[in-house]
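Enquirer: return atomic coordinates for the entry below.
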Amino acid sequence: MKLRSYQQEALDAIKQGFLNHRRLLAVLPTGAGKTILFAHLAASTPGRTLVLAHREELLNQAADKIQRATGLIAEIEKAEKVASMNAPVVVASVQTMIGRASRWPADHFNLVVVDEAHHALADSYQGVLSRFHDSAKVLGVTATPDRGDKRNLGRYFDEIAYEVGLPRLIKEGYLSRILIKRLPVDIDLRQVRRTAGDYNAQGVGEALEPHLGAVADSIQREAAGRKTIVFLPLVQIARDFSDLLRARGMDSKAVAGEDRPADRAATLDWFAEPGPKVLCNAMLLTEGFDQPDVDCIVVLRPTQVRALFVQMVGRGTRVHPGKEDMLLLDFLWQTEDHQIISAARLVSGHEEDVAAVEKLVAAAVSEDEAVDLLDAAEDVEEERLEKVKQLLRAARHKTPGTWDALELAFALNEEELLAYRPTLEWHEKEVTPAQAQALIRSGFDPESVTCRGHASKILDTLARRRSNQLATVKQVRILRRFGHPSPTLATFEEASAWISRQFQRA
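Expert: Predicted structure coming up:
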């Protein structure tokens, strides 16, 4: 199975990252093909690979995709299933591995992959990882790119080897465009207590129940003709809400983990059939459920946990023939602490950008319009970056004859370098003497670099371009001046030849 362009970028970055670090993190949105990525990593890594997951659906999907992508036979270690000692890839349940870790020698695996790595700090995961991470390299993959989450994961992982955002994958056609429509149904969460860092499900259910009729009316109006998943806080409310939708003429069923396996499978088979229908569930389908033609998501389980919100919305972001977009229906959640996760956090990493996107979404309520989330994010990002450029131009004082970080960002169109913000704790430290010398050798003024993470990002960018035999920064700058159609993608040899021709014509 051929890798997509960003998957190849990620694979190269991970391999490069493992030259200097043993525990790396890769951040890719739901639907971006994380399993395909680590399948190719396993295939190109000498020795054996262990893949850790926490749900049976994820284990079976991972084993199947690894074989289809690379031909490697992945054996499952879970409950009654016991993987052989010579299996090239073992896909294991964390719960099972806790009890069976001693069965595997500490140096048995050369690579450990933590699927859904936002779970990696849990005691169960750490208990398994501690047995293998001294001899094996560890890769965590996650769809949770928010700074707070990454900073926490930095307590275990050394570096973020690769990150690609939802906006890029939408623009390149790998994921579906997201339309968000906020509907004027007020649901008051101010009296709902918190349990384990999130809204209590029972309390959310009690706050939601009086509004179920109005919400059902909204879904009937907005989601007609779409295949819809509704996330609700409680199983009984999911069943009751499905009844309300059927009473309004919609084809709807509810599914729950407590259903008999045969009944649950029959409901999912019904939902997989073509045509508009609504599947209501109480957080059963957040991970490991892939139905690409889903084109409407309704989140009636508000959360303060970004990973949970990402997983819910991610059930509708995959592309499918004939699918034009995914509609995300949102409601007016009333809360005092403003910590509820919203769609703006899917496309914006900075707090001020999140607030600006939220303002655009809120403004559309009175117009009864849906907002294209990517368009809103790009408008906000463009405005923010222009302000950053102006500030950096005004404050720039560089040594004559050297580059600075601003010029690099402009030359290579690297927005992350233009407004770099540290994520992991070590990123914030001062530039090391070795980094400063490397920057000077590359023609950079170290004074224009803000911190150790910023220096690392610049040096990694230059190293990546060199390894891919792409044009140097100086060449890119000349190519831009002479109107080359794609200066950042030109190879070193192509740039040299092109520049020579321009000077010959001059």
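Enquirer: contacts only, for Asn281.
Expert: For Asn281, the contacting residues are Ile229, Val230, Phe231, Leu232, Ala238, Ala254, Val255, Ala256, by CB atoms under 8 Å, 6 or more residues apart in numbering. All C-beta atoms are positioned from the backbone trio N, CA, C, and that covers glycine.
Enquirer: how does it look with 10 Å?
Expert: Under the criterion of CB atoms under 10 Å, 6 or more residues apart in numbering, the contact list for Asn281 reads 229-232, 235, 238-239, 242, 253-257, 267, 289, 301, 315.
Enquirer: now do Gln7
Expert: Gln7 is in contact with Met1, Leu28, Ala32, Gly33, Lys34, Ile36, Leu37, His40, Tyr162, Val164, Tyr174, counting by CB under 10 Å, 6+ apart.
Enquirer: one more time with 8 Å, if that's ok
Expert: Counted by CB under 8 Å, 6+ apart, Gln7 has contacts Ala32, Gly33, Ile36, Leu37, His40.
Enquirer: most neighbours among the residues you listed, please name it.
Expert: Neighbour counts for the contacts of Gln7 (other CB atoms under 10 Å) peak at Ala32, which has 27 neighbours.
Enquirer: could you look up the SS state of it?
Expert: coil (DSSP: H, G, I helix; E, B strand; the rest coil).
Enquirer: measure it to Val90 for me?
Expert: 24 Å (CB to CB, to the nearest Å).
Enquirer: what about Ser84, how many residues close to it?
Expert: 9.
Enquirer: test my guess that Leu462 contacts Lys474.
Expert: No: applying CB atoms under 8 Å, one finds Leu462 not in contact with Lys474, separated by 11.4 Å.
Enquirer: what about those two, which has more around it?
Expert: Using other CB under 10 Å, the more surrounded residue of Leu462 and Lys474 is Leu462, with 20 against 13.
Enquirer: okay, now the unreliable bits of this structure?
Expert: 144-151, 336-338, 349-350, 365-367, 384-385, 387-407, 410-411, 413-419, 506 (pLDDT under 70).
Enquirer: if you set the cut-off to 50 instead, what comes out?
Expert: Counting by pLDDT under 50, the chain contains no low-confidence residues.
Enquirer: just to revisit the earlier point, the contacts of Asn281 in strands, which ones?
Expert: The strands, defined by DSSP state E, take in Ile229, Val230, Phe231, Lys253, Ala254, Val255 from the contacts of Asn281.
Enquirer: mind listing the strands for the stretch 251-400 of the chain?
Expert: In the stretch 251-400 of the chain, the segments counted as strands under DSSP state E, counting those that start in this stretch are 252-255, 277-281, 296-299, 326-334, 371-372.
Enquirer: could you dump these into a markdown table and include distance to His133?
Expert: Converted to a markdown table, the strands of the stretch 251-400 of the chain look like this (distance: least, CB to CB, whole Å):
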| stretch | distance to His133 |
| --- | --- |
| strand 252-255 | 37 |
| strand 277-281 | 35 |
| strand 296-299 | 36 |
| strand 326-334 | 38 |
| strand 371-372 | 43 |
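Enquirer: tell me which of those strands lies nearest to Gln16.
Expert: Among those, the nearest to Gln16 by CB to CB is strand 326-334 (33.9 Å).
Enquirer: please parse this structure into its domains.
Expert: 5-164, 178-240+280-380, 388-505 (automatic domain parsing).
Enquirer: quick one: which of the ones you listed is nearest Arg246?
Expert: Among the domains of the chain, domain 178-240+280-380 sits nearest to Arg246 (CB to CB), with 9.7 Å.
Enquirer: picking that back up, only whichever of the contacts of Asn281 are buried, select them in PyMOL.
Expert: To isolate the buried ones among the contacts of Asn281 in PyMOL, judged by 16 or more other CB atoms under 10 Å, type:
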select buried, resi 229+230+231+232+235+238+239+242+253+254+255+256+267+289+301+315
